[in-house]
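*Asks:* Kindly generate the corresponding structure for this input.
(one chain, ligands or ions: 1)
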Amino acid sequence: MDTAETSKAEVASLIRDVEKSWDAEVRELARTLPKEEGWISGTSLYLYQGFWCTPLEIKTLISFQTHFQALDSDVLVATFPKCGTTWLKALTFSTLYRHQFAMDENPLLSFTPHQLVRFLELDVYMNNPCPDLNNICVYKPRLVGTHIPYASLPASIKDSNCKIVYICRNPMDMFISLWLFTCKLQDKIQAPPSLDEAFDKFCRGIHHVGPFFDHVLGYWKTSQENPNKILFLKYEDLKEDISCQLKHLAMFLGVPFTEDEEKRGVVEEIAKICSFEKLKEVEVNKQGSSIMGIPNESFFRKAKVGDWSNHLTPVMVERMDKLIQQKLENSGLTFKFSYKT
Ligand code: PAP
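*Replies:* Predicted coordinates:
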């Protein structure tokens, strides 16, 4: 087996073997939960606290909820998977810490965004149920990531003044990105989920941290009620005008770009170093793995708005349109599905 195949085999077996290594207590809890077959064959998803998660996540979520103590200065990058997590981690890291290193020495040139802004439930709490976050977060203020829905975040995140930056994406592109990502992890091991199968599961809300609409609306409603707490961003808006969105981000984080910085082109510099084209070519992002054995390169695919039109059938588009209408009705939340022409 070559390295790429070994890595894929490791990911699949890690995900499948997890159930065997559960603590008795978590196994007992899972027996009471609704269960469905996951997107990776041989794996299961459980409906816990209203969202679908892997067995290992139930365990790490309990540790996260029990032990995490937010500081008022903390920043949390919260995302729905495949909605721009890697991009937002890079942008937030580079904006928040820009005075702590020269841009040509940006740690993004040596580490992946997922190593610099670590996932709590998928990384930090997976390695240690009670980690010392002050040590784990090398730069200050502390900056961490999560895919957990708003309702299940630890109380101290909600009750403190810590800030949350959230990004979502139109569900058609998000779905295609997730499906192709899953297929890539699975290929050569066994048959990936068919597009039909995955699409049906997506529409029924059965996918990692789904239902998508509950996740997005949880953060959307809180951001509407408390815009100082959550900055709600959309992938398509960042694609359309990254400088404008970066300025919002910096303002929200309490580190607005000064007039002098704007004149010196700092905003454009950050946008450039975090761009898909640049990050994809950084050596560390082309090889190895920094999270759950998943190849780093699989976080960089096409980065387009509207790629769904190359994959979804008209019948699928019609079903998704209806779902979007039904779920987002009266919420005030809308998505863009193609570039402005
Ligand atoms: P995660 O939630 O699993 O960490 P995430 O980074 O949200 O993954 O999703 C990867 C998507 O973001 C990919 O989209 P695609 O499949 O439609 O191509 C990936 O290409 C895109 N992406 C990664 N980095 C960037 C970037 N710097 N700018 C824009 N898009 C990016």
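
*Asks:* Could you use CA atoms for every contact and neighbour count after this?
*Replies:* Fine.

*Asks:* Now for the chain, the helix or strand with the poorest mean pLDDT.
*Replies:* Ranked by mean pLDDT, DSSP states H and E, the weakest helix or strand in the chain is helix 3-17, scoring a mean of 52.

*Asks:* now the helix or strand that that helix is followed by: mean pLDDT?
*Replies:* Of the helices and strands lying after helix 3-17 in sequence (DSSP states H and E), the nearest is helix 24-31. What helix 24-31 shows for mean pLDDT is 83.

*Asks:* residues of helix 24-31 that come out buried?
*Replies:* 27, 30 (16 or more other Cα atoms under 10 Å).

*Asks:* Next: stretch 267-285.
*Replies:* Neighbour-count burial for stretch 267-285 [16+ other Cα under 10 Å]: 267, 270-271, 273-276, 279-280, 282, 284-285.

*Asks:* okay, those residues in a markdown table with pLDDT next?
*Replies:* Below are the buried residues of stretch 267-285 laid out as a markdown table (pLDDT from 0 to 100):
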| residue | pLDDT |
| --- | --- |
| Val267 | 98 |
| Ile270 | 98 |
| Ala271 | 98 |
| Ile273 | 97 |
| Cys274 | 98 |
| Ser275 | 98 |
| Phe276 | 98 |
| Leu279 | 98 |
| Lys280 | 97 |
| Val282 | 97 |
| Val284 | 96 |
| Asn285 | 97 |
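
*Asks:* Please identify which pair of those residues lies farthest apart.
*Replies:* Within the buried residues of stretch 267-285, Val267 and Val284 form the most distant pair, 23.8 Å apart (Cα to Cα).

*Asks:* shouldn't Leu76 be in contact with Val144?
*Replies:* Yes - counting by Cα atoms under 8 Å, Val144 is a contact partner of Leu76 at 5.1 Å.

*Asks:* ok, the residue of the stretch 101-250 of the chain found nearest the ligand - contacts?
*Replies:* Nearest residue of the stretch 101-250 of the chain to the ligand: Ser177, at 3.7 Å (Cα to the nearest ligand atom). Counting by Cα atoms under 8 Å, 6 or more residues apart in numbering, Ser177 makes contact with Lys82.

*Asks:* Val165 too?
*Replies:* Taking Cα under 8 Å, 6+ apart, one finds 75-78, 230-233 in contact with Val165.

*Asks:* run the last query once more with 7 Å
*Replies:* 76-78, 230-232 (Cα atoms under 7 Å, 6 or more residues apart in numbering).

*Asks:* where does this protein come near the ligand, residue by residue?
*Replies:* Contact residues, the chain versus the ligand (Cα under 6 Å from any ligand atom): 81-87, 177, 274-276, 279, 299-304.

*Asks:* Can you say which of those residues are buried?
*Replies:* So, by 16+ other Cα under 10 Å, the buried ones in those are 81-87, 177, 274-276, 279, 299-300, 303.

*Asks:* Just the residues you listed: which are in strands?
*Replies:* In strands, judged by DSSP state E, none of those are found.

*Asks:* Show me the residues you listed that map onto helices.
*Replies:* In helices, judged by DSSP state H, the following of these are found: 85-87, 177, 276, 279.

*Asks:* want to throw those residues into CSV with distance to Val165?
*Replies:* Converted to CSV, those look like this (distance: Cα to Cα, whole Å):
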residue, distance to Val165
Thr85, 10
Thr86, 13
Trp87, 12
Ser177, 21
Phe276, 19
Leu279, 21
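
*Asks:* how far away is the residue in the chain sticking out farthest from the centre from Val267?
*Replies:* Distance to the chain centre peaks in the chain at Asp260, reaching 32.8 Å (criterion: Cα atoms, centre = their mean). Noted for Asp260: a distance of 11 Å to Val267, by Cα to Cα, to the nearest Å.

*Asks:* for Ala78, same thing?
*Replies:* Counting by Cα to Cα, the gap from Ala78 to Val267 is 22 Å.

*Asks:* Now do the strands in the protein.
*Replies:* Using DSSP E, strands in the chain cover 35-37, 44-48, 51-53, 75-79, 143-146, 163-168, 230-234, 289-291, 294-295.

*Asks:* Mind telling me which of the ones you listed the model trusts least?
*Replies:* strand 289-291 (a mean of 87).

*Asks:* Thanks a lot, catch you later.
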